[in-house]
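> Provided below for reference: sequence and predicted model.
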Amino acid sequence: MPALTILLTGTRAPATLDLARRLQRSGHRVIGADSMRYPIARFSSALANHHRLPPPQQAAEAFRKALVELVQQEKVDLLWPTCEEIFHVAKHHSELSQHTRLLCPPLEEVVPLHHKLQFTQLVAALGTAIQAPASWPADSAPTNERLVWKPCYSRFAAQTRFQDPPAETAGWMAQQFVAGNEFCSWAICQDGDVRGLTMYENTAQAGRGAGCSFKPYWSPEAAEFVRILAQARQFTGALAFDFMRSLNGEIFVLECNPRMTSGIHLLADHVDFGSLLERPLPIPPAMRAAQLTLPVLLTKPSEVGASPDVIFHPDDQAPFWTQFLCAGEFALRAWRTRVSLLAATTMDIEYNG
């Protein structure tokens, strides 16, 4: 396929760094953008250029204007939002589509996937073999069941509660607790066609829901669920799901993240990632274990070195050494705003309705 100029937003994420490297190896010209000053991919040799954007959560109109100007300035062929700024990009899908192709759907198509309760209702209506656990608005939840409580708009399971409900339940949901083993999937789709799909288990986590060590996994049942949902919604972009295999072997889908996730790290290095923009990869593809060494060191030191580090690459070493600038920016933001370090990583790009 001809080389494209591809703009990746959300360069703070290790997954976006990995994506940039894979696209650049496939011969594409990759541009990066983020509202952080020192996102982890900023100094990567995989990027031909990097731009700083206004924070979409705090400066929505300035973000829109800057993004449209950047697309025109860099003559972007494909705009690929990767982190939660995807919702702010999707909001302007119609305008941006006048200037470039987008690897994400309009906002009205991604919100029902992002909203935790709406997603369970969507799955119920789809009638797939894999269903979500029974779910309710928080103020309608039963009192005689073991429940999991979470905000309808949330990320990284940062506020998830497994005991008592929150004092204020507005905007929260409750879900039946399912004991078992959790695994995740990540797919890239084009017009409902699943072009690439990985699955994995998190063998180490930074916090309750942010995985940092990844082991390949495969479930044909989950793969079929992803295929059916993507086709039913004619979805374009990234689709990631959290699944639970219960103690009796039944699989439930817990929630959806319609964006880039750590699933990209599972793809073996030799997989021609750029080709999936034109044709599907084999499913399942060749997969390997991977880890984010710094958070693994802080959370599960015994696993350090058990698999390759996502950040370090012998031909692109700068992100490994400058990742401390990125971590320091998050830490400073957390201190200034009195929020958790995890919350600081998304507070300028998150979407909460």
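That came through fine. Numbers count the residues shown, from 1 in each chain.
> for this protein, what spans make up the strands?
Using DSSP state E, the strands of the chain run over residues 5-9, 29-34, 47-52, 78-81, 101-102, 135-137, 147-151, 172-176, 180-190, 193-206, 210-216, 237-246, 251-257, 290-291.
> Check which helices and strands the third one is in contact with.
Read that as strand 47-52. strand 29-34 (3 or more CB pairs under 8 Å, 6 or more residues apart in numbering; DSSP states H and E). For glycine as for every other residue, the C-beta is placed from the backbone atoms N, C-alpha and C.
> who does the strand it packs on pair up with?
Sheet partners assigned to strand 29-34 using DSSP bridges are listed as strand 5-9 (parallel), strand 47-52 (parallel).
> need the contact list for D272.
Neighbour list for D272: 26, 281 [criterion: CB atoms under 8 Å, 6 or more residues apart in numbering].
> ok, for M287, nearest residue in space, not its chain neighbours?
P216 (3.9 Å; CB to CB, 6 or more residues apart in numbering).
> Retrieve the pLDDT associated with that neighbour.
You'll see P216 listed with a pLDDT of 97.
> Then A3?
Taking A3 on its own, its pLDDT is 89.
> likewise A157?
For A157, the predicted pLDDT is 67.
> do L276 as well
Note for L276: predicted pLDDT of 71.
> By residue count, which helix of this structure is the longest?
Secondary structure of the chain per DSSP state H: the longest helix is helix 318-337.
> Tell me which other helices or strands it touches.
helix 341-344.
> May I have the helix it packs on exported as CSV, CA atoms only?
The C-alpha trace of helix 341-344 is given here as CSV (Å, rounded to 0.1, in the frame of the first residue of the first chain):
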residue,chain,number,x,y,z
LEU,A,341,-1.5,9.7,40.0
LEU,A,342,-3.8,7.5,37.9
ALA,A,343,-6.4,10.3,37.6
ALA,A,344,-3.7,12.7,36.6
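> What are the contacting residues of it?
So helix 341-344 is contacted by 156, 158, 206-207, 210, 330-331, 333-334, 337 (CB under 8 Å, 6+ apart).
> For it, could you pull out the residues that count as buried?
Within helix 341-344, the residues that count as buried by 16 or more other CB atoms under 10 Å are 342-344.
> residue contacts, F119?
112-113, 132, 255-256 are the contacts of F119 under CB under 8 Å, 6+ apart.
> Selection in ChimeraX covering whichever of those residues are buried, please.
Buried residues within the contacts of F119, by 16+ other CB under 10 Å, are selected in ChimeraX with:
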select :113,132,255,256
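> could I get the contacts of F119 as TSV with pLDDT and distance to A48?
Formatted as TSV, the contacts of F119 follow (pLDDT from 0 to 100; distance: CB to CB, whole Å):
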residue	pLDDT	distance to A48
P112	96	35
L113	96	32
A132	97	42
E255	95	35
C256	96	32
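> related to what we said a few turns ago, most tightly packed of the strands paired with strand 29-34?
Looking across the strands paired with strand 29-34 with neighbours counted as mean count of other CB atoms under 10 Å, the highest average goes to strand 5-9: a mean of 25.
> how far does that one sit from the chain's center?
16 Å (CA atoms, centre = their mean, to the nearest Å).
> now the farthest one out in this structure, which residue is it?
Seen from the C-alpha centroid of the chain, the residue lying at the greatest distance (CA atoms, centre = their mean) is N144, 34.0 Å away.
> how much space between F324 and D193?
40 Å (CB to CB, to the nearest Å).
> try I311
31 Å.
> Same drill for those two, tell me which one is more crowded.
I311 (23 against 15; other CB atoms under 10 Å).
> want to throw the contacts of F119 into CSV with distance to A3?
CSV is the format used below for the contacts of F119 (distance: CB to CB, whole Å):
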residue, distance to A3
P112, 35
L113, 31
A132, 41
E255, 36
C256, 32
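> so which of the contacts of F119 comes closest to E69?
Comparing these against E69 with CB to CB places L113 closest, at 29.0 Å.
> Relative to L297, how far out is the closest one?
As judged by CB to CB, L113 and L297 stand 33 Å apart.
> what's the answer for R42, then?
Counting by CB to CB - R42 and L297 are separated by 23 Å.
> quick one: which of these two has more around it?
Between R42 and L297, counting by other CB under 10 Å, R42 is the more crowded of the two (23 against 15).
> residue contacts, the more buried one?
11, 32, 34, 50, 322.
> Quick check: phi and psi at it.
phi -60, psi -40 (degrees, to the nearest 10).
> any idea how far it lies from I228?
R42 is 38 Å from I228, by CB to CB.
> any chance you could map the helices in the stretch 51-200 of the chain?
60-73, 86-90, 93-96, 107-114, 116-126 (DSSP state H, counting those that start in this stretch).
> most tightly surrounded among those helices?
helix 86-90 (a mean of 25).
> packing partners for that helix?
Looks like helix 86-90 contacts helix 60-73, strand 78-81, helix 107-114 (3+ CB pairs under 8 Å, 6+ apart).
> And the average pLDDT for it is what?
If you average the pLDDT over helix 86-90, you get 97.
> List the contacts of that helix.
By CB under 8 Å, 6+ apart, helix 86-90 touches 9-10, 56-57, 60, 63-64, 67, 79, 81, 96, 102, 104-107, 109-111, 114, 237, 258-259, 349, 351.
> quick one on the thing from earlier: for the residue farthest from the centre of the chain, which residues are in contact?
N144 neighbours (CB under 8 Å, 6+ apart): none.
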